[in-house]
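1. sequence and predicted model, in that order:
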Amino acid sequence: MIKPKNIVLFASGSGSNVENIVNYFSKTKTANITHLFCNKPDAFVLERAKRLKIPATVFSKLDFYDTDFVLNKLKELDTDLIVLAGFLWLTPPQIIKKYTNKIINIHPALLPKFGGKGMYGMHVHQAVLANKETETGITIHFVNEKYDEGKILFQAKVKVEETDSLDEIANKIHQLEYLHFPKEIEKICLS
Ligand code: GAR
């Protein structure tokens, strides 16, 4: 029998993807969601983690970039895969080095379009609308030392209608994320 992988999640905001991933892996034996790391003490994802009984650690910029606090915790947790699910800080080099091709991110657009620093959440959808794009989508990719530039593993598209509001686009993207992200994580765990 294949040993289940230990997955840790990183998030910065609401955490609806975190909740969806935790629910998905509570029904399969491929992976255990062992921990949540969050950089915002008041993020709603921490309330979700409490309810879902996922242990959580809140860390500061200093912890992340100037110490081995997070790296040591990842080692302690015997981490196999790091999943960034709505996490907004650049991953520091010491973590990339230790977990090369073991960190994945979801981005709410079709990279390489609409990526890079400052391109997150609603800012991405705003840019898609302003650019009059006829389609948008999601990208799941490996994380390297630059924002949104690691190898692309998966993309899915959705049409943007002329009448779509910002919230409608955000909702379409979230639906794509809920459908595909857990399955793509599972594929990586089994590969
Ligand atoms: C998601 O749409 C995710 O793709 C995006 O933040 C949202 C988080 O939603 N990530 C980025 O923009 C990263 N650049 P959630 O907190 O409800 O899961």
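-> Nice, I can see it.
2. ok, which stretches of the chain are strands?
-> Assigned by DSSP state E, the strands in the chain fall at 5-11, 31-38, 56-58, 81-84, 103-107, 135-142, 152-159.
3. can you get me a residue count around the residue of the chain found nearest the ligand?
-> Minimum separation of the chain from the ligand (CB to the nearest ligand atom) falls at G86, amounting to 2.8 Å. Where C-beta positions appear, they are placed from N, C-alpha and C, glycine not excepted. Neighbour count for G86, taken as other CB atoms under 10 Å: 22.
4. surely it touches A11?
-> Yes: using CB atoms under 8 Å, G86 is in contact with A11, at 4.9 Å.
5. shared neighbours of these two, anything?
-> Residues touching both G86 and A11 (CB atoms under 8 Å, 6 or more residues apart in numbering): 17-18, 45.
6. buried subset of those residues as a PyMOL selection?
-> When burial is assessed using 16 or more other CB atoms under 10 Å, the buried subset of the shared contacts of G86 and A11 is captured in PyMOL by this command:
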select buried, resi 17+18+45
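7. quick check: angle from the longest helix along the chain to strand 135-142?
-> As far as residue count goes, and with DSSP state H defining each element, the longest helix of the chain is helix 166-190. Put simply, helix 166-190 runs at 30 degrees to strand 135-142, going by axes from the mean of the first three to the mean of the last three CA atoms, to 10 degrees.
8. just checking, what packs against helix 166-190?
-> Packing partners of helix 166-190 (3 or more CB pairs under 8 Å, 6 or more residues apart in numbering; DSSP states H and E): strand 5-11, helix 16-25, strand 31-38, strand 81-84, strand 103-107, helix 121-130, strand 135-142, strand 152-159.
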